[in-house]
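Participant: Dropping a prediction and its sequence here:
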Amino acid sequence: MNWLSNFIRPKIRSLVEAQKEVPDNLWTKCPSCEGMLFQRDLKERMNTCSHCGHHLRWPVTERLEILFDGGKYQNLKLPSVPADPLKFKDRKKYVDRLKDAREETGRDDAMVVGVGQVEGRDIVVAAFDFDFQGGSMGTAVGESIVMAAEEAVKRKFPLLIIPASGGARMQEGAFSLMQMPRTIIAVQMVKEVGLPYLVLLTDPTTGGVSASFAMVGDIHMAEPGAMIGFAGKRVIQETIREALPEGFQTAEYLVEHGMVDMVVPRDQQRAVIARLIGFLTDKSTGGKVKKGKGDTSISARAKAVDTKSRAAGAVASAVVVKMPTRVTPAATRKKAAHA
Ligand SMILES: [Zn+2]
């Protein structure tokens with residue numbers, strides 16, 4: 001029983017029944033303010049709450065359609081990997097879980113690698129699909145990140161990775177843990193030829209993903225309110241037996257503590273990504289794409305770091321967070337407490 005059938009059923013029951021294609025879930029509850037959100041409005045607002053500005057999880061297909069110019073991009077085929085190397089079984093066989101996830105999402109694994117343009121700038125994007133086994137990183141995801149990095153180097157395009165992941169895929173045991181160093185090496189290839197490697201952290205970015213490639217970007221962007229951390233808050237609290245500060249592990253908290261460069265709301269992400277690429281690749285603004293191995297001397301590296309941090313600072317200060325008045329991110333709460 002949904003809202004519609006509970007309240008209007010006597011009058012329009014026959015009408016609703018006649019239109020079988022009308023989806024059952026027309027309304028969604030905002031997990032932050034509990035306001036009711038109409039699905040169609042939600043889609044138009046890029047899955048952000050119209051009451052409080054909360055950024056709900058966003059299906060990867062919709063995200064990429066909005067991110068790329070005209071919604072167009074080349075969707076690269078993911079590399080094939082041995083399925084279920086450990087013949088793993090919990091309550092269900094891992095191969096069956098994979099089969100179900102593939103049927104539900106129409107995808108081979110928890111990753112989409114797209115090549116296209118953002119505001120006219122070429123880019124390779126590797127985005128996680130959280131709906132596929134919680135976006136967990138197994139061999140296929142690791143291999144896809146390696147492929148995306150190789151593609152970026154081959155085409156001389158910047159690389160953007162958009163994690164949305166619960167961490168390593170436990171059904172692949174040590175094989176999934178091996179993806180941590182592999183992905184680090186992959187993104188290092190991109191950096192070594194002087195191409196920008198950007199990360200857009202989304203809710204949630206945790207476990208082995210946050211402990212590997214997701215935290216070594218040239219610039220870290222994050223979505224408002226995104227949960228970013230290694231272990232969960234409860235686990236940490238129980239281990240250290242201390243209360244953790246408010247807003248702990250949120251994107252805003254990590255900006256304050258230097259792990260993330262900027263929080264970028266969805267309606268500004270395209271513009272910010274394009275500007276960052278501009279800063280980091282246009283010779284006139286100090287960026288430089290190196291050919292071959294590039295100058296790896298300490299002073300050259302220091303200069304590169306300085307250029308990147310200046311670019312992040314310039315873009316971060318230009319990002320104006322527009323939120324409705326009811327929003328309560330960490331900064332607003334703090335202000336309220338001091339008033
Ligand atoms: Zn809300």
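Facilitator: Nice, thanks for sending it over. Residues are numbered from 1 along each chain as shown.
Participant: tell me the contacts of Thr183?
Facilitator: 137, 142, 145-146, 212-213 (CB atoms under 8 Å, 6 or more residues apart in numbering). Just so you know, the C-beta spots here come from the backbone N, C-alpha and C atoms, and that holds for glycine as well.
Participant: would you turn those into TSV with secondary structure?
Facilitator: Output for the contacts of Thr183, formatted as TSV (DSSP: H, G, I helix; E, B strand; the rest coil):
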residue	secondary structure
Met137	strand
Gly142	helix
Ile145	helix
Val146	helix
Ser212	coil
Phe213	helix
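Participant: Quick check: which of these are also close to the ion?
Facilitator: Taking CB under 5 Å from the ion, there is no overlap between the contacts of Thr183 and the neighbourhood of the ion.
Participant: Test my guess that Val193 contacts Lys154.
Facilitator: No: in this structure Val193 lies outside contact range of Lys154 using CB atoms under 8 Å: 10.1 Å.
Participant: Looking at the two, which one has more neighbours?
Facilitator: Using other CB atoms under 10 Å as the criterion, Val193 and Lys154 rank with Val193 on top: 15 against 9.
Participant: if we can go back for a sec, if any of the contacts of Thr183 are buried, put those into a ChimeraX selection.
Facilitator: What follows is the ChimeraX syntax selecting those of the contacts of Thr183 that are buried according to 16 or more other CB atoms under 10 Å:
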select :137,142,145,146,212,213
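Participant: closest to the ion among the contacts of Thr183?
Facilitator: Relative to the ion, the closest of these is Met137; by CB to the ion it sits at 29.8 Å.
Participant: now Asp41, nearest residue through space, not along the chain?
Facilitator: With sequence-adjacent residues excluded and distances taken as CB to CB, 6 or more residues apart in numbering, Asp41 is closest to Ser50, at 6.2 Å.
Participant: how close does the one you found get to Asp108?
Facilitator: In this view, Ser50 and Asp108 are 35 Å apart by CB to CB, to the nearest Å.
Participant: Between the two, which has more neighbouring residues?
Facilitator: Asp108 (19 against 16).
Participant: quick one: that one is in a helix?
Facilitator: No: secondary structure of Asp108 (three-state DSSP): coil, not part of a helix.
Participant: Local confidence estimate at it?
Facilitator: Predicted confidence (pLDDT) for Asp108: 96.
Participant: ok, it to the ion distance?
Facilitator: 34 Å (CB to the ion, to the nearest Å).
Participant: With Ser176 instead?
Facilitator: 34 Å.
Participant: circling back: OK, contacts around the residue nearest to Asp41?
Facilitator: 35, 37, 41-42, 324 are the contacts of Ser50 under CB under 8 Å, 6+ apart.
Participant: Check those residues and tell me the two furthest apart.
Facilitator: Maximum pairwise distance among the contacts of Ser50 (CB to CB): 14.7 Å, between Leu42 and Pro324.
Participant: between the two, which one's more packed in?
Facilitator: Leu42 (18 against 12).
Participant: hang on, the more buried one packs against Leu56?
Facilitator: Yes: when contacts are counted by CB under 8 Å, Leu42 is listed as touching Leu56 (7.2 Å).
Participant: Which residues are in contact with each of those two?
Facilitator: Both Leu42 and Leu56 are in contact with 28, 48, where contact means CB under 8 Å, 6+ apart.
Participant: For the closest residue in space to Asp267 that isn't next to it in sequence, which phi and psi angles does the backbone take?
Facilitator: Distances taken as CB to CB, 6+ apart place Met46 nearest to Asp267, at 6.6 Å, with adjacent residues excluded. Backbone dihedrals for Met46, given as degrees, to the nearest 10, come out at phi 50, psi 40.
Participant: list the buried ones in the strand or helix carrying Val153?
Facilitator: Assigned by DSSP states H and E, Val153 falls within helix 139-155. Within helix 139-155, the residues that count as buried by 16+ other CB under 10 Å are 139-149, 151-153.
Participant: Can you give the contact residues for it?
Facilitator: With CB under 8 Å, 6+ apart as the test, helix 139-155 has contacts from 76, 78-79, 81-82, 85, 108-111, 113, 115, 122, 124-126, 128, 157-159, 161, 169, 172, 175-176, 178-179, 182-183, 186-187, 189-190, 193, 195, 213.
Participant: Rounded mean pLDDT for it, please.
Facilitator: For helix 139-155, the mean pLDDT works out to 98.
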